[in-house]
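> sequence? don't have it. structure:
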C-alpha cells in the first residue's frame, strides 16, 4: 500500500476536508482528490461520504485509519532505525495521571527539552483507565502510571519510586492509628482513583467522612491547610514546592507509602528514539 496515499487519507480524515488537508500537506487540492479517489478505487470501498461539500468518514474508513496510523508510525520507526544515530526529533506523546504530571514531570520535561529540543512533546492527562485506553489506541507513545498495566499488548517497567505522605493542617495531632482519621474528609485529585483506593485500603474499613474531589494541587493544599480534611501527596512534590511550612506531614506504613511510577509502551513499537531517550531520563530521575 502506498505510504503517501495513506498520509493523504489520514490528513483528510483528521482535517475533515480536501482543502484543509491540502493546506496541511502543502500540496494542491487536485492532487489530494486524485490520490484519495485512486486509493478508494484500489481498495474497492468508499472511505468518505460526500455530504453538502463535507467529507464524513465511513465505517470502513475508520478501520483503515487505525491501520494507516500504525503503518505510518512503523514506517517512521523503520526509517529512524535504518538511519541510526542523530538527535531524536519528531513527536513524543506522553500520558500520565494528574498526580504524576504535577509531582514528577515539570523538571523531567524541562531537562529532556534542554537535551533534545527537536522533540515536540504533548501531554495528555486522565485517570489510569483513560491513559491506558489512549496508549492501547495508539494515541500515546508512552504512559506513566502508578500501577501495573496487566495487558499483553504493552511492555512496562518501573521507572522510579516515590514516597506518599499523609498531609493534614499544621495543628492536627500526630496520627498514631487509622482510628485517628475516622472523622476526617479525604481530599483527592478528581481522576486519582489509585491514591484514594490506597487511603481507603489503609483505613481498613474506617471510611473517611466524605471524599472531596479537586482538579488542582494548590486547591487541595489550601483546603488541607485550612483544616478541611487530609490527603496523600508524594514527598517529592511537597519538597519541590516547599509546602512543609503550610501543612503537617505524617509518614505512612511502608506498604502504603510506596508510590512507584511505572512506564508503559506498545510492544510492537520496538524502537522509538524520542521515547527511548525519555525512558532513560525517567530512570535517572
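Perfect, thanks for sending it. Everything quoted here is computed from the prediction, not taken from an experiment.
> who is the residue nearest to residue 265 when sequence neighbours are not counted paired with across the strands?
In this structure, residue 265 finds its nearest non-sequential neighbour in residue 142, 5.0 Å apart by C-beta to C-beta, 6 or more residues apart in numbering. Yep, even glycine has a C-beta here, placed from its N, CA and C like the rest. Under DSSP bridges, the beta-bridge partners of residue 142 are residue 94.
> list the buried residues in the lengthiest strand in the chain.
When the chain is parsed with DSSP state E, its longest strand is strand 154-168. Within strand 154-168, the residues that count as buried by 16 or more other C-beta atoms under 10 Å are 154, 156, 159, 162, 164, 165, 166, 167, 168.
> which two among those residues are spaced furthest apart?
Distance extremes for the buried residues of strand 154-168: the farthest pair is 154 and 168 at 37.1 Å, using C-beta to C-beta.
> ok so, going back, what pairs with the longest strand of the chain, parallel or antiparallel?
With DSSP bridges as the test, strand 154-168 is paired with strand 231-234 (antiparallel), strand 248-250 (antiparallel), strand 258-266 (antiparallel).
> and of those, who's closest to residue 39?
strand 258-266 (25.7 Å).
> tell me the mean pLDDT for the following helix or strand past the closest one?
The first helix or strand that comes after strand 258-266 along the chain, using DSSP states H and E, is helix 273-283. The average pLDDT for helix 273-283 rounds to 88.
> try stretch 218-227
pLDDT averaged over stretch 218-227 gives 90.
> in that stretch, what's buried?
220, 221, 223, 224, 225.
> in helices, which of those residues appear?
220, 221, 223, 224, 225 (DSSP state H).
> got a list of what the residue lying closest to the third one once chain neighbours are set aside touches?
In this structure, residue 223 finds its nearest non-sequential neighbour in residue 187, 5.7 Å apart by C-beta to C-beta, 6+ apart. Contacts here follow C-beta atoms under 8 Å, 6 or more residues apart in numbering; on that basis residue 187 touches 211, 212, 214, 220, 223, 224, 228, 229, 230, 231.
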